[in-house]
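In: With the input below, show me the fold.
(chains A and B)
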Amino acid sequence: MIKNRSTWLLLTPGIVLFLALLVSPIANILDESFRLFEPGRIGAAKDAPYTLFNYIELIDPAYFFYLYETFRFGIICSLIGLIIAFPIAYTIARQKSPLFRKLAIGFLIGMMFLNTLVRVYAMQLTFGPTGYAKFITGIFDISPNGRTYTEIVVMLGLLHYLIPISALTLIGTIQNINPRLTEAAQVLGSSRLKSHLTITVPLCVPGLLSAFLISFTLCLSAFVVPMVLGKGKVLFISNLIYARFSEIANYPSGSAVAIIMLVVSLLTIFIITSFVSSRWSTK
Amino acid sequence: MKNKLTRRQFSKIAGGITTAAAVTSPFSMMKSAFAADNLSVVDWGPPWIDNTKKIASTWGKADITWTLHSGGAASILPKIKAAWPNPPYDIVDNWSPVFNSMIREGWAETVTFDDVPNLKYCPDALIPKDSEGNMKAMPRGTSGVFFTYVPANCPIEIKHIDDLLSPKLKGQILWPNPTLNTNLQTVALAVARGGDEFNMQAGWDFLKELAASGNIGRVSANTSDVITSLETGETSITFVDQGTLGGVKGAKLSHLTKTHESMKTFMFVSGWCVLSSSPNKKLAFDFANYTLSKENCELYYQDVGEVPTHVDASHTADHLRFGDQADKFAYVPDWDHLGTELDNWNKIFEKEIVPLL
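Out: You can find the predicted model right below:
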């Protein structure tokens, strides 16, 4: 009983903070999402009636398009991020020099501290009209203001953040794998590539999944990158939410989009996690 | 396993970098704390803020905390709403459609000629009022939103609104997001094809053609998008207000205000609105009054380019002086209607236009 009481006592500050900072705002958003919005007003009136309209209007192919776009960028960028981050993480984790490892990890962490706006505007300067846009698009014979190039620049903007975070997540996983397993495979005649693909990569699956989910979640909530680099052509769900809250003041509709996004994201992450863990836990 | 990085080592590296980053943050916090009791002014970015700061430096009756509009001018409304009845602003620089929203919400303090004597020099018709005729805002300038382009970067000469559909203009158009200019750009297309703000289908059809043509190179979300895109040559044609163009220094523009009647100029007023919640109303009115003097109105015109509201202030904004051609080239929309339609128009833009870009 005493143990129980002290446990609850220790948990109370955390629970209070959790309720105040997470549950309460989400409950507020949920309530707002069912309120009727009167055009021209700032948000819903205090006594606005409840309605399903804010959700019903989202059942439109155009909004599936935005959801698809957000997820498409999220999946592609997270996978590319993993492919690039894995060798980086592997090199750092297997590096013999402690100084090099410290410098490399310090560099990756430093990249995380880089202000998002600085990062994004640096990308715009580099790949925009004052940078190499004309040169790059000239090589591929595409328009610097066309959709293809805009999507590539948005992906680069996302990867700028995703690669360091994926690499940092994977370093720990790779370190926990005994390098002698791969060495043994190679001694027994397996090629370097095959030994890595059949031993290192499968053993890294939990870490790869974590890195993917972190990257994917960051992509889904990305706001500044598509806003600045997307030229208004590439819009994520977060941009729609922002426009409703900050530009139009239609809080109920913005809340409905936010709730839909939250539910779909949680479902996706749950499905991916369940699939990967069932697939690999049986082996 | 000798070379394995321990959790402690990892924490040490991360901790070192975190500490370095954290050490710098208290200085920025101190900066905002010092500004607690000053007059709090909301303004747009350059050229407005530069001009207002210049005028404020000669006013000198109080320190000023500056806040910039981010995105469209209406984006200040949710911030006021979220903090109401104690928003951290005393006086807001804004324009016709947003004045209407602020008046409707009861946020705009009534102003009298005793509060702001220089308002007597502003034509009565230009002063925004509530339904009972109380004056609610103090216009600094009258201006227009219109089509303009950079002839040096534009592949063709623009003579008619249909020229925007020319195949030679691939990626050349900077199209404002519907939240900018209260979507007057689409109203302009509607008017060009026989519609108006109450009958917008023709405008949306035109915009669909434009989006499908590939001529829209960027959708601008704020004034800096406009300035950067035109100055760097990324795009060469846009629909924009005179004040924003005041910030474009590196590109020579040709304004299409009197080129053809298919390209209308939408007239509006911009200026100050004192919040009814402000604890510094007297100071705010005094500041507004100072900016509305003849000299400061002329300075406003020089820096921002909007036609000053002070009847005696001189200006040479000939492209916004229509005289007896006003019916042909100028258009005054129903601002109240625009404000109530913006939500719907933004959704149409999201659903029907963006997927075509």
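
In: Give me the buried positions along the one helix or strand A:Val120 maps to.
Out: A:Val120 is located in helix A:116-127, with elements delineated by DSSP states H and E. Neighbour counts over helix A:116-127 (16 or more other CB atoms under 10 Å in any protein chain shown) mark A:119-120, A:123-124, A:127 as buried. Where C-beta positions appear, they are placed from N, C-alpha and C, glycine not excepted.

In: wait, does that helix contact chain B?
Out: No - using CB under 8 Å from any CB of the partner chain, helix A:116-127 stays clear of chain B, with a minimum separation of 8.7 Å.

In: So what touches that helix?
Out: A:131-133, A:136, A:153, A:156-157, A:160-161, A:224-225, A:228-229 (CB atoms under 8 Å, 6 or more residues apart in numbering or on different chains).

In: Pull out the buried members of those residues.
Out: Restricting the contacts of helix A:116-127 to buried positions leaves A:131, A:133, A:136, A:153, A:156-157, A:160-161, A:224-225, A:228-229, with burial counted as 16+ other CB under 10 Å.

In: Looking at these, which is nearest B:Lys79?
Out: Proximity of the buried ones among the contacts of helix A:116-127 to B:Lys79 was ranked by CB to CB; the top entry is A:Val224 with 18.3 Å.

In: Tell me who's in contact with that closest one.
Out: Here A:Val224 is in contact with A:116-117, A:120 (criterion: CB under 8 Å, 6+ apart).

In: try B:His69
Out: Residues touching B:His69, when contacts are defined by CB under 8 Å, 6+ apart, comprise B:42-45, B:75-76, B:93.

In: Check these one by one and keep those near chain A.
Out: Of the residues in the contacts of B:His69, proximity to chain A by CB under 8 Å from any CB holds for B:Ser75.

In: Restricted to helices, list the contacts of B:His69.
Out: Using DSSP state H, the members of the contacts of B:His69 that fall within helices are B:Ile76.

In: before we move on, the earlier item: can you convert the contacts of helix A:116-127 into TSV and add a column each for pLDDT and secondary structure?
Out: Supplementary listing: these in TSV, determined by pLDDT from 0 to 100; DSSP: H, G, I helix; E, B strand; the rest coil:
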residue	pLDDT	secondary structure
A:Gly131	83	coil
A:Tyr132	84	coil
A:Ala133	81	helix
A:Ile136	84	helix
A:Val153	93	helix
A:Leu156	93	helix
A:Gly157	93	helix
A:His160	91	helix
A:Tyr161	89	helix
A:Val224	90	helix
A:Val225	92	helix
A:Val228	89	helix
A:Leu229	91	helix
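
In: Now do B:Ala221 against B:Ala73, distance only.
Out: According to CB to CB, to the nearest Å, B:Ala221 and B:Ala73 sit 13 Å apart.

In: One more: B:Asp205?
Out: When distance is defined by CB to CB, B:Asp205 is 28 Å away from B:Ala73.

In: and what of A:Ile248?
Out: Using CB to CB, A:Ile248 is found at 13 Å from B:Ala73.

In: now B:Gly45
Out: In this structure, B:Gly45 lies at 11 Å from B:Ala73, with CB to CB as the measure.

In: Compare neighbour counts for the two and give me the winner.
Out: Taking other CB atoms under 10 Å in any protein chain shown, B:Gly45 and B:Ala73 do not tie; B:Ala73 has more neighbours (26 against 16).

In: helix or strand for B:Val240, which one?
Out: Assigned by DSSP H and E, B:Val240 falls within strand B:237-241.

In: Can you list the strands that that strand pairs with?
Out: According to DSSP bridges, strand B:237-241 has the following sheet partners: strand B:138-149 (antiparallel), strand B:173-176 (parallel).

In: Please save the CA atoms from the first one in CSV.
Out: The C-alpha atoms that make up strand B:138-149 are tabulated as CSV, following Å, rounded to 0.1, in the frame of the first residue of the first chain:
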residue,chain,number,x,y,z
MET,B,138,-7.1,56.1,-39.1
PRO,B,139,-6.1,55.7,-42.7
ARG,B,140,-2.5,56.6,-43.6
GLY,B,141,-2.7,55.9,-47.3
THR,B,142,-5.1,54.9,-50.1
SER,B,143,-3.7,52.5,-52.5
GLY,B,144,-4.5,49.8,-55.0
VAL,B,145,-3.9,46.2,-55.7
PHE,B,146,-3.1,45.6,-59.4
PHE,B,147,-1.2,43.6,-61.9
THR,B,148,2.4,44.6,-62.5
TYR,B,149,5.4,43.0,-64.3
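
In: number of nearby residues for B:Asp324?
Out: Residues lying near B:Asp324 (other CB under 10 Å) number 6.
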